[in-house]
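S.K.: the following block contains a protein sequence and its predicted model.
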Amino acid sequence: MRETTTVRRKVRLRPVRPAGWRWDLLLLAGLVALTVALATGHLFGLDRAVADWADTHRPTVARWTAMILNYLGQGTPLTLVAAGLGVLLALRLRSVRPVLPPVVAFALTYLTIGPLKVWTARPAPSASSKEPFLPPEQTLPLFQHDLPISYAQSYPSGHVANAIVWYGVLALLLAPLLRTFGRRMPPRLVTAVRVVPPLVVFCTTIYLGWHWLTDSVAGLALGLLLDRLLRRVPWDDLPLPGRLRDWDRPFTSYP
C-alpha cells in the first residue's frame with residue numbers, strides 16, 4: 001500500500017512596502033518619542049494652537065460635514081463590516097481563511113489601542129467646554145488617572161488607528177470577494193480604500209476638537225505599525241486544524 005502525504009508550502013511572511021523591519025521600528029520609536037515628549041510637557045503649545053485655530057474656523061456646515069465624515073473611523077461598524085465580508089467570502093470560497101484577518105485585526109486593536117488610552121489618560125480638547133469642564137491648561141497633560149476613564153481616553157486617537165487597520169482589512173477582502181463575482185478591483189481603488197478614509201478621519205478628528213494633533217499623529221503611527229504587521233501575515237499558508245481540511249482554500253491568491 002502506498003502511503004500518501006500532504007505537502008504544505010513553507011510559511012513565509014508576506015512582503016510589505018516599504019520593505020524592511022526598520023520602518024516598523026521607526027514607527028514604534030516615533031510613537032514612543034512622541035509619548036515621552038508629551039509626558040515631559042513638550043508640544044503642548046502646538047496642540048493648543050491647532051485646537052484654537054479649529055475652534056475659530058468651524059462654521060455649522062463645515063462642522064456637520066466633518067462629523068458625518070468622521071463616522072468613517074468608527075471602530076465597531078468597521079469591525080462588523082469586515083467580519084461580514086470575511087464570512088461572505090468564506091462561504092463563497094468554502095474556506096475559513098477569509099475570517100482570519102478580521103479576527104486577528106480585532107485582537108490587535110483591542111489589545112493595543114484601548115490599553116494605551118487607559119494608560120496615558122489624556123483628556124480631549126473638548127474636555128474644557130463640556131464634562132468634566134477642566135481648565136484649558138489641564139486638558140493637555142498625559143497620565144491624569146485621577147479623572148474618570150471616560151473623560152481621559154484621547155491618546156492615541158482610536159479613530160485614526162482603527163481606520164488604518166480596518167480599511168486595510170477591507171481592501172484585503174474586497175479584491176478576492178469581487179473576483180468570486182467575476183469582477184476585478186483596480187489597484188488604484190485598493191489604494192484609495194486604504195488611504196482616503198484614514199486621511200479623512202485624521203483631519204476631521206483634529207478639526208472637530210475631538211483629539212489633539214499629537215493624539216492623531218500617535219494614532220497614525222500605531223495604525224500604520226499594526227497595518228504592516230497584518231499585511232505580513234501569510235493568510236493562505238497558515239496551518240489549520242485537520243478538521244478544517246475541506247474549508248482550507250486560499251483567498252488572497254484566489255484567481
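M.R.: Yes, it's here. Residues are numbered from 1 along each chain as shown.
S.K.: which parts of the helix or strand Val217 falls within are buried?
M.R.: Following DSSP states H and E, the helix or strand that holds Val217 is helix 213-232. For helix 213-232, the buried set under the neighbour-count rule, 16 or more other C-beta atoms under 10 Å, comprises 213-231. Just so you know, the C-beta spots here come from the backbone N, C-alpha and C atoms, and that holds for glycine as well.
S.K.: which helix runs longest in this protein?
M.R.: Ranked by residue count and defined by DSSP state H, the top helix of the chain is helix 158-180.
S.K.: how far out from the middle of the chain is it?
M.R.: Its chain's C-alpha centre and that of helix 158-180 lie 10 Å apart, by C-alpha atoms, centre = their mean, to the nearest Å.
S.K.: the helix holding Val217 packs against which elements?
M.R.: In terms of contact count using 3 or more C-beta pairs under 8 Å, 6 or more residues apart in numbering; DSSP states H and E, helix 213-232 is assigned the packing partners helix 22-39, helix 44-55, helix 100-120, helix 158-180, helix 187-207.
S.K.: now do the fourth one and helix 100-120, the angle between them.
M.R.: Here helix 158-180 points in a direction 180 degrees away from that of helix 100-120 (axes from the mean of the first three to the mean of the last three C-alpha atoms, to 10 degrees).
S.K.: equivalent analysis for the second one, please.
M.R.: For helix 44-55 against helix 100-120, the angle by the same axes, to 10 degrees is 110 degrees.
S.K.: chain center to helix 44-55: distance?
M.R.: Relative to its parent chain, helix 44-55 has a centroid offset of 25 Å by C-alpha atoms, centre = their mean.
S.K.: same check, this time on the third one
M.R.: Relative to its chain's centre, helix 100-120 lies at 9 Å (C-alpha atoms, centre = their mean).
S.K.: list the buried residues for that helix?
M.R.: The neighbour-count criterion (16+ other C-beta under 10 Å) identifies 100-102, 104-106, 108-109, 112-113, 116-117, 120 as the buried residues of helix 100-120.
S.K.: export the residues you listed to a markdown table and tack on pLDDT and distance to Pro156?
M.R.: As requested, the buried residues of helix 100-120 are exported to a markdown table (pLDDT from 0 to 100; distance: C-beta to C-beta, whole Å):
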| residue | pLDDT | distance to Pro156 |
| --- | --- | --- |
| Leu100 | 95 | 26 |
| Pro101 | 96 | 22 |
| Pro102 | 97 | 22 |
| Val104 | 96 | 20 |
| Ala105 | 96 | 17 |
| Phe106 | 96 | 18 |
| Leu108 | 95 | 14 |
| Thr109 | 95 | 11 |
| Thr112 | 96 | 9 |
| Ile113 | 95 | 7 |
| Leu116 | 96 | 6 |
| Lys117 | 96 | 7 |
| Thr120 | 96 | 8 |
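S.K.: thank you kindly, that will do.
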